[in-house]
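Asks: Pasting a predicted model and its sequence here:
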Amino acid sequence: MNLALKDIRHSLGRFLLTCVGLSLLLGIVLAMVGIYRGLVLESLGLARAAGAHVWVVEGGTRGPFAESSRLPGDTRDIVAAQWGVAAAGAVAYQNVEATHRGATKRLLVVGAEIGRPGEATGLVAGRPIIRSRYEAVADRRAGLDLGERIELGRDTFTIVGLTENMVASGGDPVVFITLRDAQKLQFDLTPSAARREAARTPGAIVSTNTVNAVLVRLLPDVDGAQFAQTIERWKQLSALTQEQQENVLARPVIERARRQIGLFTSLLLLVSTVIIGLIIYTMTLDKKKSIATLKLIGAPDRTIVGLIVQQALGLGLISFAVGAVLINSAQGYFPRRLVLEPADAGTLFAAVLVVCLLASSLGVRTALKIDPASALAG
Amino acid sequence: MNEPAVVQIRNINKYFGEGATRVDALRDVSLDIFPGTVIGLRGPSGSGKSTLLNVIGCILEPNSGNMRLNGELVYDGRWLRSDLRKLRLEKIGFIFQAHNLLPFLNAWENVAIAQVLAGVAPAQASRRALELLDYLGVGRRKDAMPGQLSGGEAQRIAIARALSNDPRIILADEPTAALDSQRAGIVMDLLRKVAAERRTAVIVVTHDEKIFDRFDHIYSLRDGALELPDRMAA
C-alpha cells in the first residue's frame, strides 16, 4: 500500500495543477540549456560546414571571425601549390543589411569559389551556385524562397538554393554568393570617401582582388598542425587548424553564454527548489493530523519520510516529464535554435531529483517533529 | 479476576514544568485493568485524563513509578523498551474523538494499514480488514472514503482499525463525543462486545454521561489523582 500515491490520488487535481506550474519552470530551465547548445552549434556551424582542415589568414591575426583579415587574391594559388593540399578555396565574409519585402535583414554574406572549400554545402532545397555571377544560396532563416531576388549592395541576386541552420555566431542568417560577387560587394560597401581617396591617389592601384581567408582541405594522413606550421613560415600569413578556428569562434560565445545562461539556470533551479520545498511543506502541514495518527498507531519514521520524499520525487518527475514534452513540442517556435541533447536532459533530470530531495527536507523535518500525541487532541 | 491485569500501573507521577510553574498532571496513580473489562476515565478538563491515556499509550514518559503492559514491565523510572512504536503497533489500539481515519485511504485500507505497518502481507491484511468491517457491521461501506461516511460509520471503521492487530489494550479518547446518543450507545456496545469476545481491556476517556452505564468501572481523576471507582455497571 503506497501511501504517497494514495495521497496524490486523493488530491489529484491540485497535485497535477502544481506539476503543470512547476513543469513550466523546469521547461524554461531545459530551454535555457537548449539555447546554450544551439548558440555553440550555430557559432561553429559555418566553420564546420566549410569542411576545411586548415584556415590560412592574414599574418598576426586569428582569422576573419575574430578580427579583420585581408589576403591578396593569389594566396589561394600559393597555398594550393603546397605539398599535402587536396583542395584550397578563398573566401570573403561581409556583414550586410538588405531590404526584403519591406523588412530590413542583417545577413552574413559569404563569397566562395565554385567547387572549392568554403562554398555552400548541405543544401536542403534547390541547387548549388553554378553561374559565376548574381546567384545566391541562402539560409532558410533569411526568409527567402527559391527563385526570389534580393538586392545586395548594387547588385541583385537570385536565390537558387537553401541551407538550414547556417547562421553567423550572432544568429544572422548566411547567404552564399561567388567570391567575385563578394569582392565587388565589399568594394561597393566601402565608404564612398575612402573609395574617392583611393581613386585620387596618383599611382595607386585599386584592387578588389582581396580575400579574408583561404580554406585548405588536406590529403589523408597529412597533419593539420604541421601544415599550419609550414604556412606560418611566411610572415604575411597565419594558419589555424580547424580545431583552433572552432576555439576562436566558440570561446567568446561559450564563455559569455555559459556565464549568462548558467546564472539563469542556477537561479531557476534555486527558485524550483524553494517552490518544491514550499509545496511539500504545505502538503505536509495538510497531513499533520494523518501523520500524527500514523505515528501514534506505530508507523515507523521511514514510512513517514517515504511518504514525503516519494511525493517530492513524484512532483519533480512528473513536472520534468511535462516540461520536457512542452519544450520539445514548442522547439520550432523559439526565436533561437534550441538543441535538446539527451545528455543535458539526463543531467537536468538528475539535478531535479537532487532538488526534490533537498526540497523535501523541510517537509521531512516538520513531519518527524509532529507529536503523535497530537492525534489524540480533539 | 483470575487473569492477570493487562495494564498495571503503580505510583505513576507526571509533572510538567519546574519550580513555581510546575504542574502535577498525575500524582501517585495506581491502576489495574483486566482483560475483557471496559473502564471509563472521567474528570474535569486538566485533571490528567489525557496524560494518563498518553502514558498508558507509551507516548508520554512519566517521571516516576512503574508500568506493566500485558505482563511486561515497560516503565520503571525509565522506559525499558527502545521500540515503544512497535509495542503500540502490536499491543495497543487507539480510537479517537474525531475517528482520525486517513482521508486518502478508503474504509478497508484504513483498517488494513495498521497490519501493513506491522509487516502483514497486503493480501492477508486486506482479508482481515474486510472480516473486521463485517464483524462491526460496516462491510458494505468497505470502499467508501472517510468523507462519504457518517459519524457512526467512521467510528466503527476506526474501531476496526484499532482491532486490526488484535491488541490487548484499546485506548479510546472520547469516542462518542461527536455522536448522538443512539450512535454513541451502538459504539459503546461494540466496544463491550470487543472486550468480552476478544478479552481486550478497553479504557475510555469520556465526559459523556449517556454512556456511563456501559462501563465496568468508572474512575475519576481530580488534579492528577485517581479516585476509587465511583460506579460499576450493573
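Replies: Alright, I've got the coordinates.
Asks: dump the residue contacts of whichever residue of chain B sits closest to chain A.
Replies: Going by CB to the nearest CB, chain A is nearest to residue B:89 of chain B, at 2.6 Å. Where you see a C-beta, it was placed from the backbone N, CA and C, and this is true even at glycine. By CB atoms under 8 Å, 6 or more residues apart in numbering or on different chains, residue B:89 lies in contact with A:297, A:298, A:299, B:114, B:117, B:118, B:165.
Asks: rerun that using 10 Å as the cut-off
Replies: Going by CB atoms under 10 Å, 6 or more residues apart in numbering or on different chains, residue B:89 touches A:296-300, B:83, B:114-115, B:117-119, B:165, B:167.
Asks: For chain A, give me the ranges with low pLDDT.
Replies: Chain A contains residues with pLDDT under 70 at A:190-207, A:253, A:377-378.
Asks: Do a quick rundown of the helices in it.
Replies: A:3-10, A:12-49, A:75-80, A:179-189, A:192-200, A:224-232, A:242-286, A:288-296, A:301-330, A:342-369 (DSSP state H).
Asks: so the longest one versus helix A:342-369, what angle?
Replies: Right, the one you point to is helix A:242-286. For helix A:242-286 against helix A:342-369, the angle by axes from the mean of the first three to the mean of the last three CA atoms, to 10 degrees is 20 degrees.
Asks: is helix A:242-286 anywhere near chain B?
Replies: Yes - judged by CB under 10 Å from any CB of the partner chain, helix A:242-286 comes into contact with chain B through residue A:286.
Asks: so what secondary structure elements neighbour that helix?
Replies: When contacts are defined as 3 or more CB pairs under 10 Å, 6 or more residues apart in numbering or on different chains; DSSP states H and E, helix A:242-286 packs onto helix A:3-10, helix A:12-49, strand A:54-58, strand A:213-218, helix A:224-232, strand A:237-241, helix A:301-330, helix A:342-369.
Asks: Can you add distance to chain B and mean neighbour count and give the ones you listed back as a markdown table?
Replies: Below are these laid out as a markdown table (distance: least, CB to the nearest CB, whole Å; neighbours: other CB atoms under 10 Å in any protein chain shown):
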| stretch | distance to chain B | mean neighbour count |
| --- | --- | --- |
| helix A:3-10 | 4 | 18 |
| helix A:12-49 | 10 | 19 |
| strand A:54-58 | 66 | 28 |
| strand A:213-218 | 67 | 26 |
| helix A:224-232 | 66 | 17 |
| strand A:237-241 | 64 | 23 |
| helix A:301-330 | 7 | 19 |
| helix A:342-369 | 13 | 17 |
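Asks: how about the strands in chain B?
Replies: Taking DSSP state E to define them, one finds strands in chain B at B:7-16, B:23-33, B:38-42, B:64-69, B:72-76, B:92-95, B:169-173, B:201-205, B:217-222, B:225-232.
Asks: Check which residues of the fifth one are buried.
Replies: For strand B:72-76, burial by neighbour count (16 or more other CB atoms under 10 Å in any protein chain shown) applies to B:74, B:75.
Asks: Please put the alpha-carbon coordinates of it into PDB.
Replies: Taking C-alpha atoms only, strand B:72-76 is exported to PDB below (Å, rounded to 0.1, in the frame of the first residue of the first chain):
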ATOM      1  CA  GLU B  72       5.800  -6.900  30.500                       C
ATOM      2  CA  LEU B  73       7.500  -4.200  32.600                       C
ATOM      3  CA  VAL B  74       7.800  -1.400  30.200                       C
ATOM      4  CA  TYR B  75       8.500   1.500  32.500                       C
ATOM      5  CA  ASP B  76      10.400   1.500  35.800                       C
END
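Asks: Quick check: chain neighbours aside, which residue is closest to the residue in chain A that chain B sits nearest to?
Replies: Using CB to the nearest CB, the single residue of chain A nearest to chain B is residue A:298, 2.6 Å away. Spatially, and ignoring its direct neighbours in sequence, residue A:298 is nearest to residue B:89 (2.6 Å; CB to CB, 6 or more residues apart in numbering or on different chains).
Asks: mind listing what residue B:180 touches?
Replies: Neighbours of residue B:180 in contact, by CB under 10 Å, 6+ apart: B:151, B:152, B:186, B:210.
Asks: er, residue A:132 I mean
Replies: A:113, A:114, A:178, A:179, A:180, A:181.
Asks: Kindly report the same for residue A:308.
Replies: A:3-4, A:7, A:280-281, A:283-284, A:287, A:291, A:360-368.
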